[in-house]
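Chemist: What shape does this take:
(chains A, B and C)
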Amino acid sequence: MTMKKGDHLFLVDGSGFIFRAFHALPPLTRKSDGLPVGAVSGFCNMLWKLLTDARDTSVGVTPTHFAVIFDYSSKTFRKEIYDAYKANRSAPPEELVPQFGLIRQATRAFNLPCIETEGFEADDIIATYARQAEAVGADVTIVSSDKDLMQLVTSTVHMYDSMKDKQIGLPEVIEKWGVPPEKMIDLQALVGDSVDNVPGIPGIGPKTAAQLLEEYGDLETLLSRAGEIKQVKRRESIINFADQARLSRQLVELRTDVPLELDLDALVLEPQDGPKLIGFLKAMQFGTLTRRVASACDCNADEIEPTEVTVEWGEAARGPDLDAGTAASADTGGAGADAPASPAKAAVAKGTGEATPASLAETRVAAFGNAKIDTTAYVTIRDVDVLDEWIAAARETGLVGFDTETNSLDPMQAELVGFSLAIADNAENPSGQTIRAAYVPLTHKTGVGDLLGGGLDENQIDPRKALDRLKALLEDPSVLKVAQNLKFDYLLMKRHGITVENYDDTMLMSYVLEAGKANHGMDGLSERWLNHKPIAFKDVAGSGKSGVTFDFVAIDKATAYAAEDADVTLRLWMVLKPQLAAAGLNRVYERLERPLVSVLADMEERGITIDRQILSRLSGELAQKAAAFEDEIYELAGERFNVGSPKQLGDILFGKMGLPGGSKTKTGQWSTSASVLEDLAAEGAELPRKIVDWRQLTKLKSTYTDALPGYVHPETKRVHTSYSLASTTTGRLSSSEPNLQNIPVRNAEGRKIRTAFIATPGHKLVSADYSQIELRVLAHVAEIPQLTKAFEDGIDIHAMTASEMFGVPVEGMPGEVRRRAKAINFGIIYGISAFGLANQLSIERSEAGDYIKKYFERFPGIRDYMDSTKAKAREDGYVETIFGRRINYPDIKSSNPSVRAFNERAAINAPIQGSAADVIRRAMVQMEPALEKAGLGERVRMLLQVHDELIFEVEDADVDKAIPVITSVMENATMPALSMRVPLKVDARAASNWDEAH
DNA sequence: AGCTAATCCTA
DNA sequence: GTAGGATTAGCTA
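Modeler: Next up is the predicted model:
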């Protein structure tokens, strides 16, 4: 049958698949003898899926012709052109070797042509067939995700990434590489490929290459007009390496004239030979697929004998040097298994009527520490009526442990996969045995472990129905919901239109009880308090390349894991709740921790807009400047090296160039830190200065201008950071993915990044920050009259300090004098040491010691504060903030002097840093009600917190009204709980971007 | 791919 | 000298 228009040819890159599957799929061995068969299994599943079901994948069409292509050997025409081609390829992993042959046998078992040609790579064969098919008007799907094949993509030739079920067509190539497929060859020629040893042009990466091709059209034009390029380094590199680029092009360009034994028409898809295929699958012991094939072809698998398969273990196995550089990264997922939570508020578990908090706490710890947790008793709820019964039981007791399972750790992207509930039937006498738990799967998939999986498991409750029931429960204020790291679940539920009411978070409870002592993750809490080690997430879903998202976890395994989480969480609540009362920490929990859950979830959900154009322009500028520095650096060093490698740099600076004054890091490497380089520069060396500048530029580029756009949410188009409530010891928040608490501000170059954080049209960003809050806290806790007075009078605190210490009048004070006083003030907050101060000010240690002595003479209250704080830490094992938050220092009595000194400094710092953190937490909790009251509820939205600063987005017309409200809330945040001896001062400004607002 | 060390960004 | 998080290199698997 002649191939024609409307036919559809599938070309599977068998060699590429082997490597990718090997890395991307879980290791799997044949049960009977341990033969590694993971890649074979993945391969068979993929073929079966494509042959029977291609229409339902994102390919969307059914094949009429089909072939699997392999590399023949490492001796190809490319090797003749360029001896080093693929030269640095190491031998394939041992487990992979026998699978090369097996995959060829699998292909034949599927009745598919298995094609390879001596002297050519699989890619060339694929290219040849693809062009031939195109010529006769047929469509082509290349099953591979290798970038080397992307040059073949046209409107009728597509690629298909079977592991991600993703079609790669023209738009995808352009999106990924910035050039259309026909320019991929030129792009790769410029960029090169370290895996295959394609040289390319040094200093040209994908971004630059795309830009150059955009400007000059193609490689030859670029090379001939290279003299026009403005950037010196780039121009020279291209001129010098032009021939290398031409060679690279030859290596990268795929041949479309490979002599083929089978012509296109011979690739027509033959019907499956059921028994033959089943025989092979049985030999491999692939049970699930065997059954599936048997039912599809109406065979009785039991009657079919396993085929003899040939296993080549040794070097004879063909296919040693294929592309190992295309390993897929399977997303790992699942949430709720991580962070710690906080205590509960409702008095549901009443305990025994007369018990004191302390005795109840003790009883609970003993009861739950000894209770055996039976993880086999968990229930899987697949029926709405059963779910209703559980919800009714939760209403009855007024208490429920709750946890969600999702396919992502990012609550803004995660989709709900299921949820679990735990109920204490007899809360009056909680022995631990009375707790039962269930998992409600909603969107689990069938065919777990198969490459492409199956569809939705039918036997699950309709998610809409389940969510209706769940909403009623979660929003019911008479039922206390207990979760671990509730902010995740809270935000997830909010995205489903559910606002959780009345909750406790065991992570936050632990944080209040044990900050500094232990971490607050559920697994650790469970081991400490319940004497029980929960199932690890990676044991149910795997990790890394072999990890799957939770919807691909089999429901029975999922139930054991998920229900256990809810069970453990509820037990932890039973143990931790009475301890809060016993330790007198209920107020800290209820006023500084729990209310932040919804406040932060709202802020995270809002996100902030960034201007990607600004960032991309900045990125380009930074790249050019950095490249220029590299040039000069190589010149000065006399050789090319990786400037970003401290190791290589150290060897050049202190070895080759023999510069003096090198210090070593702990691991014995030369230190090349900025301060070392600055010192060298001060002594006249040119290179170190350039390195410092280069580092600054590349830091800004990699961490900010290049990384931030990747965090823009696909739907909201905004950046949503994640705040952690319980990852610092002092009570500060932390921000991650991305960290928006370390956006540059200290120099002009870095500040440009802030201009990319913008308000939506018609709005302004308002930034309000506390002035000197930590020094004010210090003045308050240490009761320092001069400091207090200075803050009351609004005078420059560092100048005042300098004036006190050095007897210099504030008027006309030299900048250097004030700078030293400022360093000392900060030093005090950090638990000053002569060593540290000397370092900071680049002075002798003895001189720094004199400063400190002088400071303490002038401010004796500070020395008293430091001494009493250290004494308290030694006595009690913890220190406290002005709102009663405890920070533990279990190692304060360490016999190691440096460990002890470190703990002492931290203990001195903690009440200051922690109190300031408490103040801003209070401000954040009070902010929304205050704005609401001022009629600004909907129009002023708090977006970010940066330790002493809050950033809002405000409608233009409301800015003047909002600023006084915001300022007032922040300045009065300690009230009415506490009145400070020192006033708090807040500065607020509005502008269209963060740089100008700050 | 997962881990650590080194570095550098913030308050 | 306090408190964090992200990136890169380079090693190990």
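
Chemist: Please count neighbours and contacts with C-alpha atoms only from this point.
Modeler: Noted.

Chemist: per-residue confidence for the residue nearest to the spatial centre of chain A?
Modeler: The centre of chain A sits closest to residue A:737, judged by CA atoms, centre = their mean, with a distance of 5.7 Å. In this model, residue A:737 is scored at 93, pLDDT.

Chemist: Next: residue A:39.
Modeler: Model confidence at residue A:39, given as pLDDT, is 88.

Chemist: Tell me who's in contact with it.
Modeler: Residue A:39 sits next to A:18, A:19, A:21, A:22, A:25, A:96, A:99 when contact means CA atoms under 8 Å, 6 or more residues apart in numbering.

Chemist: can you tell me how far it sits from DNA strand C?
Modeler: Using CA to the nearest atom of the strand, to the nearest Å, we find residue A:39 at a distance of 17 Å from DNA strand C.

Chemist: Please identify the buried residues of the lengthiest helix in chain A?
Modeler: In chain A, with assignment by DSSP state H, the single longest helix is helix A:897-933. In terms of neighbour count (16 or more other CA atoms under 10 Å), helix A:897-933 has its buried residues at A:900-901, A:903-928, A:930-931.

Chemist: Stretch A:485-498 too?
Modeler: Taking 16+ other CA under 10 Å as the basis for neighbour counts, the residues of stretch A:485-498 that come out buried are A:485, A:486, A:487, A:488, A:489, A:490, A:491, A:492, A:493, A:494, A:495, A:498.

Chemist: With adjacent residues omitted, what lies nearest to the second one?
Modeler: With CA to CA, 6 or more residues apart in numbering as the criterion, residue A:486 has its nearest non-adjacent residue at 5.7 Å, and that residue is residue A:505.

Chemist: do residue A:153 as well
Modeler: Take residue A:153 and drop its neighbours on the chain: the residue closest to it by CA to CA, 6+ apart is residue A:181, 5.8 Å away.

Chemist: List phi and psi for that neighbour.
Modeler: Geometry field for residue A:181 lists phi and psi as phi -50, psi -40, criterion degrees, to the nearest 10.

Chemist: Equivalent analysis for residue A:387, please.
Modeler: For residue A:387, the backbone dihedrals (degrees, to the nearest 10) come out as phi -60, psi -40.

Chemist: from what I can see the residue nearest to the centre of chain A touches residue A:711, true?
Modeler: Yes - in terms of CA atoms under 8 Å, residue A:737 counts as a neighbour of residue A:711; the distance is 7.4 Å.

Chemist: so what's residue A:698 closest to, chain neighbours aside?
Modeler: Sequence neighbours aside, residue A:626 is the residue nearest to residue A:698 in space, at 6.7 Å (criterion: CA to CA, 6+ apart).

Chemist: Surely residue A:621 is within a helix?
Modeler: Yes - residue state for residue A:621 (DSSP: H, G, I helix; E, B strand; the rest coil) corresponds to a helix.

Chemist: which two from the contacts of residue A:39 end up farthest apart in space?
Modeler: Taking CA to CA as the measure, these span a maximum distance of 13.8 Å, between A:25 and A:99.

Chemist: just the strands in the stretch 701-850 of chain A please.
Modeler: A:722-724, A:734-736, A:757-758, A:763-770 (DSSP state E, counting those that start in this stretch).

Chemist: which strands and helices sit next to the longest one?
Modeler: Taking 3 or more CA pairs under 8 Å, 6 or more residues apart in numbering; DSSP states H and E as the contact definition, the neighbouring helices and strands of strand A:763-770 are strand A:949-955, helix A:959-971, strand A:986-991, helix A:994-997.

Chemist: Let's see stretch A:162-175 as CSV, backbone CA atoms only.
Modeler: Extracted in CSV, the C-alpha atoms of stretch A:162-175 (Å, rounded to 0.1, in the frame of the first residue of the first chain):
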residue,chain,number,x,y,z
SER,A,162,5.6,10.5,25.4
MET,A,163,6.7,10.8,29.0
LYS,A,164,5.1,14.2,29.4
ASP,A,165,2.3,13.4,27.0
LYS,A,166,3.2,16.6,25.2
GLN,A,167,3.1,17.5,21.6
ILE,A,168,6.0,19.5,20.3
GLY,A,169,5.2,21.6,17.2
LEU,A,170,6.3,24.9,15.7
PRO,A,171,5.2,27.1,18.6
GLU,A,172,6.8,24.9,21.2
VAL,A,173,10.1,24.9,19.5
ILE,A,174,10.0,28.7,19.1
GLU,A,175,8.9,29.1,22.7
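
Chemist: Would you mind pulling the contact partners of that stretch?
Modeler: By CA under 8 Å, 6+ apart, stretch A:162-175 touches A:46, A:57-59, A:143-145, A:150, A:153-155, A:157-161, A:179-181, A:328, A:451-452.

Chemist: Just the buried residues from the residues you listed, in ChimeraX please.
Modeler: The ChimeraX command for the buried members of the contacts of stretch A:162-175 (criterion: 16+ other CA under 10 Å) is given here:
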select /A:46,57,59,143,144,145,150,153,154,157,158,159,160,161,179,180,181,328,451,452
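
Chemist: which residues does the spatially closest residue to residue A:824 that is not a sequence neighbour contact?
Modeler: Excluding the flanking residues, the one nearest residue A:824 by CA to CA, 6+ apart is residue A:837, at 7.1 Å. Residue A:837 is in contact with A:823, A:824, A:827, A:845, A:848, counting by CA under 8 Å, 6+ apart.

Chemist: Now do the same for residue A:837: its pLDDT.
Modeler: What the model reports for residue A:837 is a pLDDT of 93.

Chemist: With residue A:285 instead?
Modeler: pLDDT, the model's per-residue confidence, is 89 for residue A:285.

Chemist: That one - how many residues pack around it?
Modeler: 19 (other CA atoms under 10 Å).

Chemist: Could you check how far it is from residue A:29?
Modeler: Noted for residue A:285: a distance of 9 Å to residue A:29, by CA to CA, to the nearest Å.

Chemist: those strands in the stretch 1-150 of chain A, which residues are they?
Modeler: Counting by DSSP E, counting those that start in this stretch, the strands of the stretch 1-150 of chain A are A:8-13, A:65-69, A:114-115, A:139-143.

Chemist: Any chance of a markdown table for those, columns distance to DNA strand C and mean pLDDT?
Modeler: Converted to a markdown table, the strands of the stretch 1-150 of chain A look like this (distance: least, CA to the nearest atom of the strand, whole Å; pLDDT from 0 to 100):
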| stretch | distance to DNA strand C | mean pLDDT |
| --- | --- | --- |
| strand A:8-13 | 23 | 96 |
| strand A:65-69 | 27 | 96 |
| strand A:114-115 | 30 | 93 |
| strand A:139-143 | 26 | 95 |
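
Chemist: could I get those as CSV with distance to DNA strand B?
Modeler: Output for the strands of the stretch 1-150 of chain A, formatted as CSV (distance: least, CA to the nearest atom of the strand, whole Å):
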stretch, distance to DNA strand B
strand A:8-13, 18
strand A:65-69, 23
strand A:114-115, 27
strand A:139-143, 19
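
Chemist: Output those in CSV; the columns should cover distance to residue A:544.
Modeler: Listed next are the strands of the stretch 1-150 of chain A as CSV, based on distance: least, CA to CA, whole Å:
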stretch, distance to residue A:544
strand A:8-13, 24
strand A:65-69, 28
strand A:114-115, 32
strand A:139-143, 23
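
Chemist: can you tell which of the ones you listed is closest to residue A:193?
Modeler: strand A:8-13 (19.4 Å).

Chemist: Would you mind pulling up the elements that the closest one packs against?
Modeler: So strand A:8-13, by 3+ CA pairs under 8 Å, 6+ apart, packs with strand A:65-69, helix A:122-135, strand A:139-143.

Chemist: Roughly how far does residue A:286 sit from residue A:30?
Modeler: 8 Å.

Chemist: again, but for residue A:410
Modeler: Here the distance between residue A:410 and residue A:30 works out to 36 Å (CA to CA).

Chemist: Residue A:912 now?
Modeler: 61 Å.

Chemist: now residue A:174
Modeler: Using CA to CA, residue A:174 is found at 42 Å from residue A:30.
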